[in-house]
Structures are given as C-alpha cells and as structure tokens.
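Trainee: here are the coordinates; sequence isn't available:
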C-alpha cells in the first residue's frame, strides 16, 4: 500500500532562522506578479471572529515551476501580552505539494505573517512611492510597525526621518529610541499625528483600530499610504473620503472589497470597485499604471493574502531542506 512521506515540522525559532525580510520581499513580489499572470489560486479568506478575538483561515496556491498550496490558520488575541504573557498572533501554516497533495510541512505562522506583511509594503512602496521619499510616519509601534519601517528602508534609500505615532506616547518614545539605534535613522515620537503625516512622503498604518483615524486633512499631495491594519471587516484605519480621494491599489481586489479600508469607502458609496487602479501584481507587471504624477496620493490597501503566505512558506521549506533543519513527522505511520 502506498504511504505518504513524513511532513517537516518547523518551530518558530527554526522559521525565524531560515527566513529573512529580504527573502520575503523577493518571494512576495514574485507571488503577486504570478497572480497577475493567472498562475495562482486565491479563493479568499474565512473569519470566525467573536468575543473580541479573531480566528482567520487563508488558503491559496502558487501554480508555477514549484506548485504548492498553503493554508494558514491564525488567531489574533490582542490582550494576550497583558493577560497571559503570550504573543498576540499565534497560528500554523500547512504547506502541500500541489501536484500530488502530499503535505510537505507544518510551520509556525507568526514569523511568516509578520515578515510577509512588511514585504508587501516594501514591494508596493518600490513601485508607488516617490523614489526621493525622505520622511515617513509609522502609525502603530508594535512588532509590525518595526517590520514596516525596516521594509521601507530596503526600497527607499533616501529615507532619513521617521515619525512614530501611537495612542500611547510612551510606547512611541520607546519605539523611536530603539529603531533610531537599529537603523541609524532620525526616528522621533510624533505627539501630533496630523503634523507628522502632513510632513511625510510615506505614511504606514498598522494598528488594530476599528475607527478611522487618518483623514484627508492629514495627507499632503504626493503621499504614498500603506493601509496595513484592516485585515477583518470591523477594522478601519483610513477615512472613506481619503480612500476615495486617492488612487487605490489593492493586494487582492475581491478581498479588499470585503475586509480592507477600501470596503468602507465602497459601503459609504464614495467610490466603486471599478475606480480602483488595480492590484499590486498588475502594477509590478506593468499592466496597470504606477505613479502618474508627483502630487498623486496613492493608497495601497494591504489585507494580507494566502499568496504571500504560500510564497514565504515555500522559501522556508526549501531552505529547511537545504540546511537539514526541522523534524520529520510521519502523520500516517
């Protein structure tokens, strides 16, 4: 009787040792480009949220030279640090061979999620931000805020000044001190959100906010905005009027229309899906226009996709095989 080969188990420390932000940027850009060529499967996402907690399932596939399916199950429990001394986000990624259905690996998902989210912003900024961008504001100073800032430094060589904004000024101060030392940038806490964002070429929002806090009057002409936090229907960072006034690029349009900041603008009747410039993959491949004017405000709606997870998980798996890392587990005996 045929037997299924053992799957590779990869814990958080192993994933973190094998996957870098730079690896993720390359993998994520390739995945979005493949999507624009019709070489992926992306059925959307499933939410089972309740009691102030989140549970998401994202599944998809890459059908190129190394075809794989990936399914990520993530819990978002944003009181975990304070109440249980646990990470906010915990979960697993299951990676399958798309030619025969063999489960290849089970790996910790938090590291992949954090890095691939920052990677998407880097790719979008590479194509949509003004190349001379020198000043940025990061709204949200947690783990993702740090990764977002690191990601920007990979693609914006002129970046020098960063404003760090949080509803907790003490956290913004700690973030600013830490990231200044790490990146040799002038990172400073931003007591006034509007003053910071109006002075910025790039604005990133990566918070779990459920009420929009970034409005039209906060943004200057020519700004690139990466709206990262709204990955479920009730989250909301960007005022619908600002979304509608921007040139909008989505990671996946059908997903952003359901859960991103775009969906709030659609629900408010301020724009239609037809007015979206395109998906990130089309921007990369040149089938949708990039920046058309220096004063154009461009908003990247980043809801997080299974394509990013699959691409990053495949990179981890291939590196694990090459390095002999991980534990083989025979689920089928």
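Mentor: Perfect, thanks for sending it. Quick caveat, the model's predicted, so the values are computed rather than measured. Numbering: from 1, shown residues only.

Trainee: point me to the residue sitting closest to the centre of the protein.
Mentor: residue 117 (2.2 Å; CA atoms, centre = their mean).

Trainee: tell me where the stretch 101-250 of the chain has helices.
Mentor: 110-128, 143-155, 169-183, 193-198, 240-245 (DSSP state H, counting those that start in this stretch).

Trainee: the last one packs against which elements?
Mentor: Using 3 or more CB pairs under 8 Å, 6 or more residues apart in numbering; DSSP states H and E as the contact test, the elements touching helix 240-245 are helix 261-267, strand 298-301. C-beta: built from backbone N, CA, C; applies to glycine.

Trainee: of all the ones you listed, which one is nearest residue 242?
Mentor: Nearest of the helices and strands packed on helix 240-245 to residue 242, taken as CB to CB: strand 298-301 at 7.5 Å.

Trainee: whichever helix or strand comes after that closest one to helix 110-128, inter-axis angle?
Mentor: Once the chain leaves strand 298-301, the next helix or strand it forms, by DSSP states H and E, is helix 306-323. Helix 306-323 and helix 110-128 are oriented at 120 degrees to each other (axes from the mean of the first three to the mean of the last three CA atoms, to 10 degrees).

Trainee: and helix 306-323, what does it pack onto?
Mentor: Helix 306-323 packs on strand 7-10, helix 12-18, helix 21-36, strand 54-62, strand 68-76, strand 89-97, strand 103-108, helix 110-128, going by 3+ CB pairs under 8 Å, 6+ apart.

Trainee: picking up where we left off before, so for residue 252, which of the helices of the stretch 101-250 of the chain sits nearest?
Mentor: Of all these, helix 110-128 comes closest under CB to CB, at 10.8 Å.

Trainee: re earlier: can I get the helices and strands packed on helix 306-323 in JSON lines with mean pLDDT and distance to residue 277?
Mentor: Output for the helices and strands packed on helix 306-323, formatted as JSON lines (pLDDT from 0 to 100; distance: least, CB to CB, whole Å):
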{"stretch": "strand 7-10", "mean pLDDT": "98", "distance to residue 277": "37"}
{"stretch": "helix 12-18", "mean pLDDT": "98", "distance to residue 277": "34"}
{"stretch": "helix 21-36", "mean pLDDT": "98", "distance to residue 277": "13"}
{"stretch": "strand 54-62", "mean pLDDT": "91", "distance to residue 277": "23"}
{"stretch": "strand 68-76", "mean pLDDT": "92", "distance to residue 277": "27"}
{"stretch": "strand 89-97", "mean pLDDT": "94", "distance to residue 277": "30"}
{"stretch": "strand 103-108", "mean pLDDT": "98", "distance to residue 277": "34"}
{"stretch": "helix 110-128", "mean pLDDT": "98", "distance to residue 277": "9"}
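
Trainee: winner for burial among these?
Mentor: The highest mean neighbour count among these, using mean count of other CB atoms under 10 Å, belongs to helix 110-128: a mean of 26.

Trainee: between strand 68-76 and that helix, find me the angle.
Mentor: Taking the same axes, to 10 degrees, one finds that helix 110-128 is oriented at 110 degrees with respect to strand 68-76.
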